[in-house]
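# The sequence isn't on hand, but the structure is:
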């Protein structure tokens, strides 16, 4: 049949034959007189013989037993779990997360009658603007959603945090520790330890508490769930899940054209001509790669892609299905990845875009689900799917490697995969929680917000002017379908973690700190490099990186700290006064509305890891691209010229999220931290005292 | 081995020719998914029952997808397997070792007699198992030979070949009176008499290099399929 199944069958047969041969013919030492070889085989051989057979026999018996005792197990579980819904007000809770759904736009289009299902939910249940976190970033806000606590207790303050010893920024949500100890035998290198992944989000998400009370949950793509934690339920990881190269998503681009500029979000390679064919190597993890060949197709605008003997048709503007690749990482080891290819042009140059090499859900190189086979289950049931934390390739569009249509096409494919998962989970949930976060809303708004911004030249007129409205209508369709699963015993919440606004101008606070004598560059350095390179720490009192945080170079905390702890409060107060209402002289607009002291807004054991000050940017402003990676530039303000034109890294009061419910919520000013205690309360579980959110109050039925 | 390898290559070709491999893969994927549901949703018996139902549906879908090539392969494979089984599964009687001859009758056989070639001694009188409608004799070849056993009652005579030899060669284990029996044991033509169903000689089991011939056949078939696949991918 298929090549793989034939190979597997043959391998099994050969293995079986080898085992039978091994045992059937005995392998004890032959006697000197040519006596039968089975005359003495020794106790060791006997143990090995019996051990091998015992393993096989025990496996078979265990499989049979597990099948036979399944009904009794179900009964036993039913007895153990009886009464678990005794105090529950509902049987099922559905969280439909729409990352970045903006209340202003939602309200406008609801009022215009363009979002009938959202309107229905508002009328039959309730609608509120949802207070978000400091700062209003997805990893921060969704961590607060799942734990019901402020960032000082869950330890996620931004996408990035810094290593206090080296000042090197690192991913705040997870840390992958590679294998460090090997045993070298000749050419072979055997790992002595395992690679490990650590989740840096602290506190406890509501699904773990529910699980302890025998209430199962299905958690799909809720940010900051990589690596997945064990609990009573099923989970697919999301934001911060890396690609196979260990990055947060780096595309590959092959072309016969000029090399072009350097890429920030991926790598570019030239094709090598080989007769009619074009050849290239697609890099995988570490130094591995896969050879691909592009040959002429039957028609103009078509090519054929060959990898490892298999072929696929390539058509301009059309993504291939997910293609599984195997990267050989050693003599006996390999890593499996999945990619989609997109032929972006054939004339005059042949150009081929390749998505980041994502972890193959059918054979994951890192844990991406709980239980481990849940990702495999989803892939078998629904087909392969994007596993990368931020799968929509915003950088490829930013850098002009793909165009807007290609980006939208990719986003739609990903959205379809997640919808299939979400509705499959709803089909399979009679009781418990289903929580799913769709992040297409966030990515598309980031890339297309300029069409809504009247002050930009790009707004109006373009055929993409209606992309965001179409996106909201599509989400309305998803809400409509979800409503079909919400009966009288179901609580449905549709929420977003933050809203959106335009991003026209970037602010480099490192440049401002440099100009105002809080930050110094090393001798002879005119402009700093990425990741805080070139800074003279012996004189620097404050610095920034990430999307909203400002740090003091504190003595006793940072490795080369300068500011004495007793001076910190004074310095913070000084910076707050000077940076609040920071004016952009070029536009005459205020760029920073407020600068918040983290001591006033955070509490908890991890507050020391937080930035010392949080910038509340005004709409239209945000940390500049250079400041986000810790570069010290010469100009404080710069235009944002990228397609990434919408953002939410501003003052939280500017970008609240939305909260729709199919029940009337009577609470005033609900916050995203209120959802975790609310779901516990709905299932009759008293929220733990460390949770800070307030249980939402619902109007009495009838 | 050659027949096995050829069978593997042929079945691979047939399944590729008459099966939609994408649909086949999708069907087996869905089956695996439903199997995993047994473990994923242990606390929801309703879901487990649904998974079982969907597993059956997926199985039926898979069978439907492989129906055509399976039917088409049944005839040639049946012939090959039966012939190979007749040749490799049983060894001739070994000189000096006893064997049992059994007759399955439909109607009572009065005064039935068994005559054997001179090299084969019929050691017992007929032993009747009335409940099973069988009559048996024990025979013992004194040396290597081959010839015919002759079963005689009233005026009816039916012959059955018998072989005794130290080597491995094609032996006919059974002679039948039905077409179906003939298809299973095609070495001897069916007899026309309705009084008996079959005559069987209990030949000893044979193996090829220590294993049943089917092991070698299956190995060769898998290798044949694998080599065909590898060969095709290099073209």
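Here it is on my side, so go on. Small disclaimer: the values here were computed from a predicted structure and weren't measured. Residues are numbered from 1 along each chain as shown, chains lettered A, B, ... in the order given.

# How many residues are close by the nearest residue to residue A:607 once chain neighbours are set aside?
Distances taken as C-beta to C-beta, 6 or more residues apart in numbering or on different chains put residue A:152 closest to residue A:607, at 4.1 Å, once the chain neighbours are dropped. C-beta here means a position set from N, CA and C on the backbone, and glycine is covered the same way. Counted with other C-beta atoms under 10 Å in any protein chain shown, residues neighbouring residue A:152 total 23.

# Quick check: which element contains residue A:152?
Using DSSP states H and E, residue A:152 falls within helix A:151-154.

# So which residues make contact with that helix?
Applying C-beta atoms under 8 Å, 6 or more residues apart in numbering or on different chains, the contact partners of helix A:151-154 are A:133-134, A:140, A:143-144, A:147, A:157, A:201-203, A:602-607, A:610, A:690, A:692.

# The same query, at a cut-off of 7 Å, please.
The contact list for helix A:151-154, computed with C-beta atoms under 7 Å, 6 or more residues apart in numbering or on different chains, reads A:133, A:140, A:143-144, A:147, A:157, A:201-203, A:602-607, A:610.

# From the contact counts, what lies against the next helix or strand after it?
Heading C-terminal from helix A:151-154, the first helix or strand you meet, by DSSP H and E, is strand A:160-162. Strand A:160-162 sits against strand A:169-171, with contacts defined as 3 or more C-beta pairs under 7 Å, 6 or more residues apart in numbering or on different chains; DSSP states H and E.

# Determine the set of other helices and strands touching the strand it packs on.
Partner elements for strand A:169-171 (3+ C-beta pairs under 7 Å, 6+ apart): strand A:160-162.

# And the residue lying farthest from the centre of chain B, which helix or strand is it part of?
In chain B, the residue that sits farthest from the middle, by C-alpha atoms, centre = their mean, is residue B:43; the gap is 44.8 Å. Using DSSP H and E, residue B:43 sits in no helix or strand.

# The one 10 residues further on now?
Secondary structure from DSSP H and E places residue B:53 in helix B:45-88.

# after that helix comes which helix or strand?
As assigned by DSSP H and E, the chain's next helix or strand after helix B:45-88 is strand B:99-105.

# For that next one, buried residues please.
B:99, B:101-105 (16 or more other C-beta atoms under 10 Å in any protein chain shown).

# same deal with stretch A:597-607?
So, applying 16+ other C-beta under 10 Å, buried residues of stretch A:597-607: A:598, A:601-602, A:604, A:606-607.

# cool, and stretch A:676-687?
A:676-685, A:687.

# what do you get for stretch A:509-523?
Under the neighbour-count criterion of 16+ other C-beta under 10 Å, stretch A:509-523 has A:509-514, A:518-521 buried.

# Please tabulate these in a markdown table and include secondary structure and pLDDT as additional columns.
Shown next, in a markdown table, are those (DSSP: H, G, I helix; E, B strand; the rest coil; pLDDT from 0 to 100):
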| residue | secondary structure | pLDDT |
| --- | --- | --- |
| A:509 | helix | 97 |
| A:510 | helix | 96 |
| A:511 | helix | 96 |
| A:512 | helix | 97 |
| A:513 | helix | 97 |
| A:514 | helix | 96 |
| A:518 | coil | 97 |
| A:519 | coil | 97 |
| A:520 | coil | 96 |
| A:521 | strand | 95 |
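
# Which of those sits closest to residue A:363?
Nearest to residue A:363 among the buried residues of stretch A:509-523 is residue A:510, at 42.9 Å by C-beta to C-beta.

# who in chain B is up against chain A?
Applying C-beta under 7 Å from any C-beta of the partner chain, one finds that chain B approaches chain A through B:12, B:15, B:19, B:21, B:24-25, B:29-30, B:32-33, B:36, B:40-47, B:210, B:215, B:218-219, B:222-223, B:225-226, B:229, B:233.

# Write the ChimeraX selection for whichever of those are buried.
Buried subset of the residues of chain B next to chain A, written as a ChimeraX selection, criterion 16+ other C-beta under 10 Å:
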select /B:12,15,19,24,29,30,32,33,36,40,41,43,44,47,215,218,219,222,223,225,226,229
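
# Report the mean confidence score over the helix or strand hosting residue A:679.
Residue A:679 is located in helix A:675-682, with elements delineated by DSSP H and E. Mean pLDDT, computed over helix A:675-682, is 97.

# Show me which residues of the stretch 51-200 of chain A sit near chain B.
Taking C-beta under 7 Å from any C-beta as the criterion, the stretch 51-200 of chain A approaches chain B at residues A:74, A:77, A:81.

# ok, the second one touching residue B:43?
Yes - counting by C-beta atoms under 7 Å, residue B:43 is a contact partner of residue A:77 at 5.6 Å.

# mind listing which of the residues of chain B next to chain A are in strands?
Of the residues of chain B next to chain A, none are assigned to strands by DSSP state E.

# returning to what we had before: closest to chain B out of the buried residues of stretch A:676-687?
residue A:683 (14.6 Å; C-beta to the nearest C-beta).

# which one is that closest one nearest to, not counting chain neighbours?
Once flanking residues are discounted, residue A:683 sits nearest to residue A:88: 4.6 Å by C-beta to C-beta, 6+ apart.

# Give me the secondary structure label for the one you found.
Assigned with DSSP: H, G, I helix; E, B strand; the rest coil, residue A:88 falls in the coil class.

# burial of it, as a residue count?
By other C-beta under 10 Å, 18 other residues sit near residue A:88.

# And the one 10 residues further on, by the same measure?
Look at residue A:98: counted by other C-beta under 10 Å, it has 27 neighbours.

# so what's it up against?
By C-beta under 7 Å, 6+ apart, residue A:98 lies in contact with A:438, A:441, A:475, A:494, A:496.

# Kindly recompute the last result at 6 Å.
The contact partners of residue A:98, by C-beta atoms under 6 Å, 6 or more residues apart in numbering or on different chains, come to A:438, A:441, A:475, A:496.

# if we can go back for a sec, check what pLDDT the residue farthest from the centre of chain B gets.
For residue B:43, pLDDT reads 78.

# Likewise for residue A:15?
Value listed for residue A:15 in the pLDDT field: 39.

# now swap in residue A:309 and tell me
86.

# residue nearest the centroid of chain A?
Centroid check for chain A by C-alpha atoms, centre = their mean gives residue A:239 as the closest residue, at 1.4 Å.

# Does it touch residue A:389 like I think?
Yes - using C-beta atoms under 6 Å, residue A:239 makes contact with residue A:389 at a distance of 4.2 Å.

# Inside helices: which ones of the residues of the stretch 51-200 of chain A next to chain B?
If you go by DSSP state H, these have A:74, A:77 in helices.
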